[in-house]
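> structure of the sequence below:
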Amino acid sequence: MPSKPISILFVCLGNICRSPMAEAVFAHTVKKHNLQDKITKIDSAGTASYHVGSNPDSRSSATCKSHGVPVNHKARKVSKADFDEFDYILCMDESNLSDLKKLAPQHSKAVVELFGKYDPEGELIIEDPYYGGDEGFEHNFDQSLFYAMKAKPDADILPVVCIDPRMIDISILKDQGENAPPKTWFFKMDRVKAFRAKFYYESVMDLKQQLVKRGSDLMILYGAPEDVFPRLEKYLVAKKYHLEGLHTNKEYAYEELLIEKALSKSMKGNVKYYHDTMMVNPEDLDFVGERTYKVYTHFRKRIEKMDSPVRAPLDIPKQLPTFPKAAWDFEHAQDGYKHLEELYKDLHVKSDNRSAYPWKGGEQSALDRLNSYVFKTQAVDEYKHTRNGMIGTEYSTKFSAFLAHGCLSPRLIWHQMNKFNEQRKRKRSIKAFSDDDGVYWVKFELLWRDFFRLLVSGFGSKVFMLHGFRNMDKSLEEDDTKPKSGYQDKVWKSNDDYFKKWCAGETGTPFVDACMRELLYTGFLNNRGRQNVASYLSKDLEIDWRIGAEYFESILLDHDVYSNYGNWQYVAGVGCDPREGFRHFNIIKQGKDYDPEGDYIKLWCPELQHLPVHFIHCPWLMSKEDQAKYKCEIGRDYPKPMALFDSWKRHYPSAATNGQITNFFKSNKDNKKKIKIEGQS
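Numbering: from 1, shown residues only. Predicted coordinates:
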């Protein structure tokens, strides 16, 4: 738009939905950017008189209010005088445009055009949401806000990634003292190992490339956000820029909330947080906070009753506002880009051709995977039946790392699932959760992410304490080690030797070892494997579940604090699920159920490759003759089991026993102290 003072009239059909929202958003934008001297008047009207004198539609008002945008308007009809009073008349669709052109007097001063002209994507039409659901109004709001930012004078956007040394390992920076590298809470492991650091680097670099393609760029800074951003604001002000605000995603865990609090304070409240890591926006729910469900099934059923629980994602723009070039000097002074490059060069990550997660980090890779899994191979159709698979890339979605690093929106996944169903012309109910197939189960699993986020947000640091979500009693001290009343009387153990063997995949229990080696060599492990190794450590060995959770935090390339700690508590029996105390995986049964031929075990434990099926899950049952026959001596080629349990015996293959069940113990008398034989429910 020109730099002289201008006036704008927004027009739709009835002046109760789209145009008053556009008016409110534009007025709010002008005020926030102190542009009142450049845009002197903003109003809205309708081409029809259906609603003259009425307030805006309640859904339109509610949407604006949820974003902090005030609405104060009474519907009116466009008059001929408007064409000389306003410089621009911006309408919502082609029908509005046609009506306005018929009404416009000859030689009037107003430029009449579509508001959507200011969309770089070329989405010219703002659809009427009147007969639809709330998501239509939310989409209208997003369109109005984005077009307003493009239409207003001197609008710049500065995309920034801030690498927090308390969260990500930049250990090559020798002068960072105690912050290099950051450690986990209790057991002081490196917080981010090489697999996740590599994926993070690739994701940031891809984001930078995508922004450059769209006419912008990415500033990469290093330091605590609450320190870095006030310095950036001070620098920009000195360069004659006005900082409208800092926009970032909302987080919900204890440390992240402390950082948000410090950031908001240092920025004097000029920070806007968005719930974009969640699939269902908490603002659309009426049971958050104290009323958050503590059991997943109750939460899921409540969401399933909603007609449209997930907001529609915005399209990726083809063009973005200008990147303020003056900002480069600040980035160069901070050396954030240099730090990230050095981090990547310092990584020594070997690829493994057995990996079930071979993808690079980044949005482009994420979108390719989404398109391939859903539309190209249509593997999603079989997800319900394959999701507990162990080998290969197609048994599950493999969206987890992309979601954890912000490369992929859970809302986009949801709507692509719906699109897939529409293309397949499936019979669907009007309810969002009606698909008794792979699509339903992908949505089912995505909801776990939201459930854990809402749950974690209400527990503070107690999430990371020994009794986890069981510490719901606010009177308990954070370091309390006494089980809550009614909770099983359990004493957690510590065994460094067992833990190290568990991490290395050297427990002597093939199914556990195969899982832990996949994790060790690739940074990824299938969900079924995660549940089993967690149960083995916390339920069988009775070792403090937190050491396992912190190891996962350290090594997983798809680590998500909410899902990781939530799932560990779920398996360990300290979560909110009333059945958790009874959830105990029998490793032999699980191995036989999910790796019946032992293919997965042989893939990751090649020393067992010659064993027949009846010995593959319990090689300790082999006689000396069998060990020689199958080229695997227990204690030399493959570890002796560090623990055995009575409950495993009923799942031993009959061909493996035949009176040999005691042979291992008879021939290993010197090792009895290291072998623990217990009952197990």
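> average pLDDT for the helix or strand where residue 22 lies?
In the assignment (DSSP states H and E), residue 22 maps to helix 18-32. Average pLDDT, helix 18-32: 92.
> same for the helix or strand following it, what does it pack against?
Using DSSP H and E, the helix or strand that directly follows helix 18-32 along the chain is strand 39-46. Judged by 3 or more CB pairs under 8 Å, 6 or more residues apart in numbering; DSSP states H and E, the packing partners of strand 39-46 are strand 6-12, helix 18-32. The C-beta positions use only the backbone N, C-alpha and C, and glycine is treated the same way.
> next SSE after strand 39-46?
Going down the chain from strand 39-46, the next helix or strand is helix 58-66, by DSSP H and E.
> pull out the buried residues from stretch 42-57.
By neighbour count with 16 or more other CB atoms under 10 Å, stretch 42-57 contains the buried residues 42, 43, 44, 45, 46, 47, 51, 56, 57.
> save these as TSV, and put in pLDDT and distance to residue 633 too.
TSV is the format used below for the buried residues of stretch 42-57 (pLDDT from 0 to 100; distance: CB to CB, whole Å):
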residue	pLDDT	distance to residue 633
42	96	83
43	97	87
44	98	83
45	98	87
46	97	85
47	97	87
51	95	85
56	96	79
57	96	77
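> so which of those residues is the closest to residue 334?
For the buried residues of stretch 42-57, the residue nearest residue 334 by CB to CB is residue 42; the value is 38.6 Å.
> show residues contacting stretch 593-612.
For stretch 593-612, the external contacting residues (CB atoms under 8 Å, 6 or more residues apart in numbering) are 354, 388, 390-391, 505, 510-511, 513-515, 517-518, 521, 528, 591, 613, 616-617, 619, 622, 630-632, 637-638.
> cutoff 6 Å now
With contacts defined as CB atoms under 6 Å, 6 or more residues apart in numbering, stretch 593-612 is touched by 354, 388, 390-391, 510, 513-514, 517-518, 528, 613, 616, 630-632, 637-638.
> which residue sits closest to residue 281 in space, ignoring its chain neighbours?
The shortest distance from residue 281 to any non-neighbouring residue, by CB to CB, 6 or more residues apart in numbering, is to residue 275 (4.9 Å).
> tally of neighbours for the one you found?
Other residues near residue 275 come to 18 when the count uses other CB atoms under 10 Å.
> is it in contact with residue 310, as I believe?
No - applying CB atoms under 6 Å, one finds residue 275 not in contact with residue 310, separated by 11.8 Å.
> of the contacts of stretch 593-612, select the buried ones using a PyMOL command.
Here is the PyMOL command that selects the buried residues among the contacts of stretch 593-612 (16+ other CB under 10 Å):
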select buried, resi 388+390+510+513+514+517+518+528+616+630+632+638
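> which strand or helix spans the closest residue to residue 378 other than its chain neighbours?
Here the nearest residue to residue 378 in space, its sequence neighbours aside, is residue 420; by CB to CB, 6+ apart that works out to 7.7 Å. Following DSSP H and E, the helix or strand that holds residue 420 is helix 410-423.
> domains in this protein, by residue range?
Per the record, the chain has its domains at 6-151, 160-277+324-342, 352-470, 496-678, by automatic domain parsing.
> out of these, nearest to residue 305?
With CB to CB as the measure, domain 352-470 is the member of the domains of the chain nearest residue 305 (7.6 Å).
> and the end-to-end length of that closest one?
Terminal residues of domain 352-470 lie 39 Å apart, using CA to CA, to the nearest Å.
> what do you get for stretch 600-610?
13 Å.
> mind listing residues that contact the helix or strand hosting residue 370?
Counting by DSSP H and E, the element that carries residue 370 is helix 363-371. Contacts to helix 363-371, defined as CB under 6 Å, 6+ apart, come from residues 206, 210, 359, 402, 407, 408.
> what are the buried residues along it?
Neighbour-count burial for helix 363-371, counted by 16+ other CB under 10 Å, picks out 363, 365, 366, 367, 369, 370.
> now do stretch 560-578
In stretch 560-578, counting by 16+ other CB under 10 Å, buried: 560-577.
> run through who's touching it.
Taking CB under 6 Å, 6+ apart as the rule, stretch 560-578 contacts 253, 294, 404, 452-453, 456, 463, 467-470, 531, 534-535, 538, 545, 549, 552-553, 580-581.
> relative to the whole chain's centre, how far out is stretch 185-198?
Put simply, stretch 185-198 sits 19 Å off its chain's centre (CA atoms, centre = their mean, to the nearest Å).
> ignore what I typed, I meant stretch 452-460.
Chain-centre distance of stretch 452-460: 15 Å, with CA atoms, centre = their mean.
> restricting to C-alpha, output it in PDB.
C-alpha atoms of stretch 452-460 as PDB (Å, rounded to 0.1, in the frame of the first residue of the first chain):
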ATOM      1  CA  PHE A 452       0.600 -36.200  28.300                       C
ATOM      2  CA  ARG A 453       1.200 -32.400  27.600                       C
ATOM      3  CA  LEU A 454      -2.000 -31.500  29.500                       C
ATOM      4  CA  LEU A 455      -1.100 -33.900  32.300                       C
ATOM      5  CA  VAL A 456       2.500 -32.800  32.700                       C
ATOM      6  CA  SER A 457       1.500 -29.100  32.800                       C
ATOM      7  CA  GLY A 458      -0.300 -29.600  36.100                       C
ATOM      8  CA  PHE A 459       2.400 -31.400  38.000                       C
ATOM      9  CA  GLY A 460       5.500 -29.200  37.900                       C
END
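> quick revisit: alpha carbons only: can I get the helix holding residue 22 in CSV?
Below are the C-alpha coordinates for helix 18-32, written out as CSV (Å, rounded to 0.1, in the frame of the first residue of the first chain):
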residue,chain,number,x,y,z
ARG,A,18,-15.7,-12.2,7.9
SER,A,19,-15.6,-8.4,7.4
PRO,A,20,-16.0,-7.4,11.1
MET,A,21,-13.3,-10.0,11.9
ALA,A,22,-11.0,-8.5,9.2
GLU,A,23,-11.7,-5.0,10.6
ALA,A,24,-10.9,-6.0,14.1
VAL,A,25,-7.7,-7.8,13.2
PHE,A,26,-6.5,-5.0,11.0
ALA,A,27,-7.3,-2.3,13.6
HIS,A,28,-5.5,-4.4,16.2
THR,A,29,-2.4,-4.8,13.9
VAL,A,30,-2.3,-1.0,13.2
LYS,A,31,-2.5,-0.2,16.9
LYS,A,32,0.3,-2.7,17.8
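> elements contacting that helix?
Where contact means 3 or more CB pairs under 6 Å, 6 or more residues apart in numbering; DSSP states H and E, helix 18-32 is packed against strand 6-12, strand 39-46, helix 134-151.
> and the first one, what does it pack onto?
Using 3+ CB pairs under 6 Å, 6+ apart as the contact criterion, the secondary-structure elements in contact with strand 6-12 are helix 18-32, strand 39-46, strand 88-91.
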